[in-house]
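Following is a predicted model, sequence given first.
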Amino acid sequence: MALSFDSDFLKKLEYLHVVSKKAFAGQARADRLAPKRGRGLEFADTRGYSAGDDFRHIDWKAYKRLGRLLLRLFDEEQDLPIYLFIDASRSMEATEKFDQARRLAAALCYIGLAHLDRVTIMPFDETVREERSAGQGKGRIFRVFEQLEQMQTGGKTNMAESFKLFAARGRRQGLAVIISDFLDPGGYESALKVLQARGHDVYVVQMASEADRDPGALGDVKFVDTETEVVRDVEVTPTLAAAYTKAWEEHTEELARFCGRYNIGYVRADVERSVEEIILQTFRQGRFVA
């Protein structure tokens, strides 16, 4: 799959930024303001001077007026670590889900790069594969395109083991975005809780397609599990087809409820919709970007 965005869409992305519900301690100056008082560029407030404070930040004009030593405080600009987990298991390769996931990841990367956030791309299946740093600055997007184009599906889904491995690496706290269909036989609940327990702000992007909701045909149908390669011959009746659709809808509703219960961001991204529509409408409505 060749990845590219037209210049008009890229300009629209530059006006957006990824929203995090948490403030993280940054290690470099970036194009965002965190609600933390420190040494930065924009004046925020004053407080009384205490022994040991940096005397260079004393407000001498206020001292002349009030006869008190006051310290000038600033909003500190911080970079936001963004970890993009892309489901690269075999269940994602069908129905364009993997291609759409990579397009969304590219758009999110560009938004982060434009604001000098530190973006790391991490494909996963049974484990987290190699971490791919996107660097900083929007000029790196072409390298991101190449990295995503080279990414391939393979293996079974195991979120719990994958995220435990990531958590054990001791990465900086940041925004963890999981782009997946969340069709994990072992469940997704404990995996998402692992990321939260490490202090990350977690955001779920559920990939979905019409083929996920519709068995596709009535009568004798051969179903093949793309991850286990188990084959089953099933007679699909209208009743069974309706039950299949209902089961998928319940899966989606339960994922959304779980995310709401644990203060995890959630949006659904259908492959039938354009990336621009998903980013500029769905992600905005979900308060993921602003």
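Nice, I can see it. Numbering: from 1, shown residues only.

count of residues packed around residue 1?
11 (other CB atoms under 10 Å). C-beta: built from backbone N, CA, C; applies to glycine.

Now it. Nearest residue, chain neighbours left out?
Leaving aside its sequence neighbours, residue 1 sits nearest to residue 99 (CB to CB, 6 or more residues apart in numbering; 5.0 Å).

contacting residues around the residue nearest the centre of the chain?
The centroid of the chain falls nearest to residue 177 when counting by CA atoms, centre = their mean (2.1 Å). For residue 177, the contacting residues are 82, 83, 84, 85, 108, 203, 205, by CB atoms under 8 Å, 6 or more residues apart in numbering.

Mind checking which of the residues you listed are in strands?
82, 83, 84, 85, 203, 205 (DSSP state E).

can you pull out the helices in the stretch 151-290 of the chain?
In the stretch 151-290 of the chain, the helices defined using DSSP state H, counting those that start in this stretch lie at 159-168, 189-197, 210-213, 238-261, 275-277, 284-285.

rank those helices by pLDDT, which is bottom?
Least confidently modelled of the helices of the stretch 151-290 of the chain is helix 210-213, at a mean of 83 by mean pLDDT.

you'd agree residue 192 is up against residue 200?
No - contact criterion CB atoms under 8 Å: residue 192 and residue 200 do not qualify, at 9.8 Å.

For the nearest residue to residue 286 once chain neighbours are set aside, list the residues it contacts.
Spatial nearest neighbour of residue 286, chain neighbours left out: residue 267 (4.0 Å); criterion: CB to CB, 6+ apart. Taking CB under 8 Å, 6+ apart, we find residue 267 in contact with 204, 205, 206, 278, 282, 283, 285, 286, 288.

Okay, and the beta partners of residue 267?
Counting by DSSP bridges, residue 267 forms beta bridges with residue 205.

still on that earlier bit, which single one of the contacts of residue 267 is nearest to residue 120?
Checking the contacts of residue 267 against residue 120 by CB to CB gives residue 205 as the nearest, at 16.0 Å.

For the closest one, the count of nearby residues, please.
So residue 205, with other CB under 10 Å, has 27 neighbours.

That one: what's it in contact with?
101, 104, 177, 178, 179, 180, 267, 268, 269.

okay, these in a markdown table with distance to residue 247 and pLDDT next?
As requested, the contacts of residue 205 are arranged in a markdown table below (distance: CB to CB, whole Å; pLDDT from 0 to 100):
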| residue | distance to residue 247 | pLDDT |
| --- | --- | --- |
| 101 | 22 | 96 |
| 104 | 25 | 96 |
| 177 | 26 | 97 |
| 178 | 22 | 97 |
| 179 | 22 | 97 |
| 180 | 18 | 96 |
| 267 | 21 | 95 |
| 268 | 16 | 95 |
| 269 | 20 | 95 |
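
Filter those residues down to the buried ones, ChimeraX style.
Filtering the contacts of residue 205 down to the buried ones (16 or more other CB atoms under 10 Å) takes a single ChimeraX command:
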select :101,104,177,178,179,180,267,268,269
